[in-house]
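Enquirer: my questions are about this predicted structure, shown below with the sequence.
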Amino acid sequence: PMATFVPVAQLDEQGVVDPALDLARHIQLVNGGDPDSVSQIPDQKALDLALENLDKIFAQAGEKEKEKESVEGVLNVVCWLFQRVLENNTNQADAVTLAEKLLKKITSDTATHPVLRLKMLSTIYNILEGNGTARYNTFLAIVQYAAAAGKDSLSMVSPQFEQLDTMLAEWGSDASKTRAMFQAIFDAMFKHGDSDGAHKYRLKFLTSYQGDKELESAKPQACTAVTEAIANPKVYQFDTYLQLDAVQALQNDSKNGKLYELLQLFASKDLGDFNTFYGANGSYVDGLGLKKDECVLKMRLLSLCTLASSQPQIKYTEIASCLQVAEEDVEKWAIKAITAKLLDAKMDQLNKVVIINHCTDRMFSQEQWVGLRSKLVGWKDRMKQLMVVIENTRHFQQQQLMQMQSQMQNM
């Protein structure tokens, strides 16, 4: 969860000390002035004063833990004052403006105490409960600041990304804002070396275009996602990419049509088809940053999956022909497929066949979804029947036990 803000008003002998006045006096002291020269100050003016001197407040933290704790206490007072100003101004548009002003000051320096700044941003986020626009802007600022501050800062924030779909709904974010948030996240993750995380949120970005007629703005990210998937040695199923409207828009695109054709090859074709395509478009494939030998390796494994999906056992000679390898290398490629969990199989070296127990489907068609649903419904029905049998057996055993106890009592 985001950091929780706790108001920090303290008591003295005369009653509650005014945090605005305390803050103003502290800032006067930071600037080398006389704190007693400030006798009273309105909340808004105290907040403005704090914003003007926020960098100086952060600079007081130094490297010692006690100094950081002291400054964190002062920052809590600033947040408390921000909350009190908001409570006295119920206009949400004004709250957005005020929050933006505060966010700008907090995020202006990525080198000086980024952890304290992220904590303060999290507190601001909590204070803005009920204001979707301001919360969206704050979280976006948190993501962008963490990305700019470094990998460690981003790792502090990234666990929150798992809740993002729910948060975007709560904020009432439209498609444009949703895409901007996803883009900020995948840019941040890619910048700091998390390619899998970046790809995940790039796909979320593209999914937001489903049913949208305007797909031109999605094409650059669609191209990147497809290229990443082809290059990723852990991705072997491509039907989910083909189902994205943003990816389908590449099909008839004069600039990116070849990339869509390449995606189709990896989704359902074999090594021979890839070699034909590469022979005609080798410079294009290389220009995507894809390496031919890595593409060939993946296509060999996918081609083996296609063979395995249509027959319970495959001759070594058939595999060698399809994969364009020597027959003595067939077992090596079968082991690669098994290691990649594409096949569950065993090799009959005597008869020179690979016996298939199970094979990963390259394309999960609508018919397969229907078949899977039918199996699940069948299993559910059989479980219900089994539970009835178990319940009837239990009831029968209880009756027998009661009869035996009755007979023993009558003896």
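Expert: The structure has been received and is ready for your questions.
Enquirer: OK, contacts around K177?
Expert: Counting by Cβ atoms under 8 Å, 6 or more residues apart in numbering, K177 touches 136, 168, 171. C-beta here means a position set from N, CA and C on the backbone, and glycine is covered the same way.
Enquirer: quick one, what contacts the closest residue to the first one other than its chain neighbours?
Expert: Which is Y136. Spatial nearest neighbour of Y136, chain neighbours left out: W171 (4.5 Å); criterion: Cβ to Cβ, 6 or more residues apart in numbering. W171 makes contact with 132-133, 135-136, 177, according to Cβ under 8 Å, 6+ apart.
Enquirer: just the closest of the contacts of K177 to L23, please.
Expert: Lowest distance from L23 to the contacts of K177 (Cβ to Cβ) belongs to Y136, with 28.2 Å.
Enquirer: my guess is the closest one meets S173, correct?
Expert: Yes. With contact defined as Cβ atoms under 8 Å, Y136 and S173 form a contacting pair (5.6 Å).
Enquirer: which pair of the contacts of W171 spans the longest distance?
Expert: The two members of the contacts of W171 with the most space between them (Cβ to Cβ) are R135 and K177, at 11.4 Å.
Enquirer: residues contacting the closest residue to D348 other than its chain neighbours?
Expert: In space, D348 comes closest to I355 once its chain neighbours are excluded; the distance is 5.9 Å by Cβ to Cβ, 6+ apart. Contacts of I355 were listed using Cβ under 8 Å, 6+ apart, and they are 312-313, 345-348.
Enquirer: mind checking which of these are in strands?
Expert: Counting by DSSP state E, the part of the contacts of I355 found in strands is 313, 345-348.
Enquirer: now do the strands in this protein.
Expert: Using DSSP E, strands in the chain cover 11-12, 15-16, 313-315, 343-348, 353-359.
Enquirer: how about CSV for those, with mean pLDDT and distance to E72 added?
Expert: Output for the strands of the chain, formatted as CSV (pLDDT from 0 to 100; distance: least, Cβ to Cβ, whole Å):
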stretch, mean pLDDT, distance to E72
strand 11-12, 41, 21
strand 15-16, 54, 21
strand 313-315, 95, 66
strand 343-348, 94, 55
strand 353-359, 93, 56
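Enquirer: L215 is nearest to which of those strands?
Expert: Using Cβ to Cβ, the nearest of those to L215 is strand 353-359, at 34.2 Å.
Enquirer: neighbouring strands - and their directions - for the closest one?
Expert: Take DSSP bridges as the rule and strand 353-359 pairs in its sheet with strand 313-315 (antiparallel), strand 343-348 (antiparallel).
Enquirer: which of the residues in that strand are buried?
Expert: Residues of strand 353-359 classed as buried by neighbour count (16 or more other Cβ atoms under 10 Å): 353-354, 356, 359.
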